[in-house]
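Enquirer: Need coordinates for the below:
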Amino acid sequence: MKKYQKLTVFLLCAVMIFVLALPISADMGPKPSVRVNFENLGDELCYGTLLSQKESTGPQSVWDGNEEHIYNYDLDIEIWRKFVEYKDSDGYHFLQIGWKVSDTKQLAWTYYPPYSFKILLYFPESDTFAVSGICERYAFDTYYTVDMDGFKIGSVELDKEQSTDERIDAYRSYQWQGEILSLIARILITIAIEMIVAILFGFRGKKQLVTLILTNSVTQIVLNLLLNVINYNSGQYAFTFWYVVFELTVFAIEAAIYCLLLKKYSEKPKKNSFYCAYAFIANAVSFAAGLWLAHVIPGIF
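Expert: Predicted structure coming up:
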């Protein structure tokens, strides 16, 4: 038994060393994002941007009029100038960043997007703009969809007196299906890891394995649901902090259950410290593996 415990501790240390060896920087970590998907967008050349309520966010800012301070972020300079000249009726600002959305059918601002914004489209072939109403980031990763079905190019023209009417409608479209699949994947992977550790510790009895599976299923479902809510509202940094707090709580709960039930179902019961050691190592291994997988498969973890 001792050799199995030593092997488990070795694997834990190896995973932790690998995780800690991952390169870090002062600006490391996920940032809030805004993604806009355009449905039924035609083939005419089209560029898009988000107009910001504030004059700057992250490295993006309003042009100050100095030709040396033009940051067009790969936009064609003529397209950039069109966006600069656009006058929004609510005073929202172009922050010198935009995308060619006619090819991708998507606009993705993944680095410090504005909190309050409008979606602005420009069709250079007809010199036409289309603008949405005021939108806001509602989650750490915010998704909107714009259905262009029925939109007539040429309905809005560049004008100093822009109408306050909304010309394109954007609605929230958070990717719940992907999040649910990620949630299920996290739970299954975590349970699989902890069951492997359980076998290494010598837990092979039917009642023991059922106890472990049921306990892990309940704690992992609750843990991951709470973490999903936190990630939705506050993002990955808060997610990581509460991940640690909740893992410690889960360890305490599981240790108490294992000391009571696993000991009861053991042919040769051991001291409570043995079951506590299993709970600690199993959770530590799954925790370290989760941090590592978060870098390898960020879409799932």
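Enquirer: Look at residue 35 and tell me its secondary structure.
Expert: For residue 35, the assignment made with DSSP: H, G, I helix; E, B strand; the rest coil gives strand.
Enquirer: Count the neighbours of residue 124 for me.
Expert: 15 (other C-beta atoms under 10 Å). The C-beta positions use only the backbone N, C-alpha and C, and glycine is treated the same way.
Enquirer: which one is it nearest to, not counting chain neighbours?
Expert: Nearest non-adjacent residue to residue 124, counting by C-beta to C-beta, 6 or more residues apart in numbering: residue 45, 5.6 Å away.
Enquirer: residue contacts, the one you found?
Expert: Each residue near residue 45 by C-beta atoms under 8 Å, 6 or more residues apart in numbering is listed here: 100, 102, 123, 124, 125.
Enquirer: what do you get for residue 263?
Expert: Residue 263 neighbours (C-beta under 8 Å, 6+ apart): 269, 270, 272, 275.
Enquirer: Quick check: it vs residue 283, distance?
Expert: 18 Å (C-beta to C-beta, to the nearest Å).
Enquirer: just to revisit the earlier point, check what pLDDT the residue nearest to residue 124 gets.
Expert: Residue 45 carries a pLDDT value of 94.
Enquirer: Make residue 1 into 21 and carry on from there
Expert: Sure, I'll start counting at 21 from here, so that last one is residue 65.
Enquirer: Distance check, residue 279 against residue 171.
Expert: Counting by C-beta to C-beta - residue 279 and residue 171 are separated by 64 Å.
Enquirer: again with residue 240
Expert: For residue 240 relative to residue 171 (C-beta to C-beta), the value is 45 Å.
Enquirer: tell me the contacts of residue 54?
Expert: 70, 127, 128, 129, 133, 134, 137, 157, 162, 164.
Enquirer: Swap in 7 Å and give it another go.
Expert: Counting by C-beta atoms under 7 Å, 6 or more residues apart in numbering, residue 54 touches 70, 129, 133, 157, 162.
Enquirer: of these, closest to residue 194?
Expert: residue 162 (7.7 Å; C-beta to C-beta).
Enquirer: so that closest one, which of the three states?
Expert: Criterion first, three-state DSSP; result for residue 162: strand.
Enquirer: Count the neighbours of residue 123 for me.
Expert: Using other C-beta under 10 Å: residue 123 sits among 10 other residues.
Enquirer: Does it belong to a helix, a strand or coil?
Expert: Per three-state DSSP, residue 123 ends up helix.
Enquirer: From residue 213, how far out is it?
Expert: For residue 123, the distance to residue 213 - C-beta to C-beta - is 41 Å.
Enquirer: Export the contacts of residue 54 to a markdown table and append columns for distance to residue 274 and secondary structure.
Expert: Rendered in a markdown table, the data for these read as follows (distance: C-beta to C-beta, whole Å; DSSP: H, G, I helix; E, B strand; the rest coil):
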| residue | distance to residue 274 | secondary structure |
| --- | --- | --- |
| 70 | 45 | strand |
| 129 | 41 | strand |
| 133 | 40 | coil |
| 157 | 36 | coil |
| 162 | 35 | strand |
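Enquirer: Just the closest of those to residue 78, please.
Expert: Checking the contacts of residue 54 one by one against residue 78 (C-beta to C-beta), the nearest turns out to be residue 133, at 8.2 Å.
Enquirer: Just give the nearest non-adjacent residue to the closest one, would you?
Expert: That would be residue 54: by C-beta to C-beta, 6+ apart, it lies 4.1 Å from residue 133.
Enquirer: Check residue 270 too.
Expert: Nearest one to residue 270, counting by C-beta to C-beta, 6+ apart, is residue 239 at 4.8 Å.
Enquirer: buried set for the helix or strand hosting the one you found?
Expert: Here residue 239, judged by DSSP states H and E, is contained in helix 226-254. Neighbour-count burial for helix 226-254 flags 228, 231-232, 235-236, 239-240, 243-244, 247-248, 250-252 (criterion: 16 or more other C-beta atoms under 10 Å).
Enquirer: Can you tell me what sits against the very next helix or strand once past it?
Expert: As assigned by DSSP H and E, the chain's next helix or strand after helix 226-254 is helix 256-277. Here helix 256-277 makes contact (C-beta under 7 Å, 6+ apart) with 49-50, 235, 239, 243, 246-247, 250-251, 295-296, 299-300, 303, 307.
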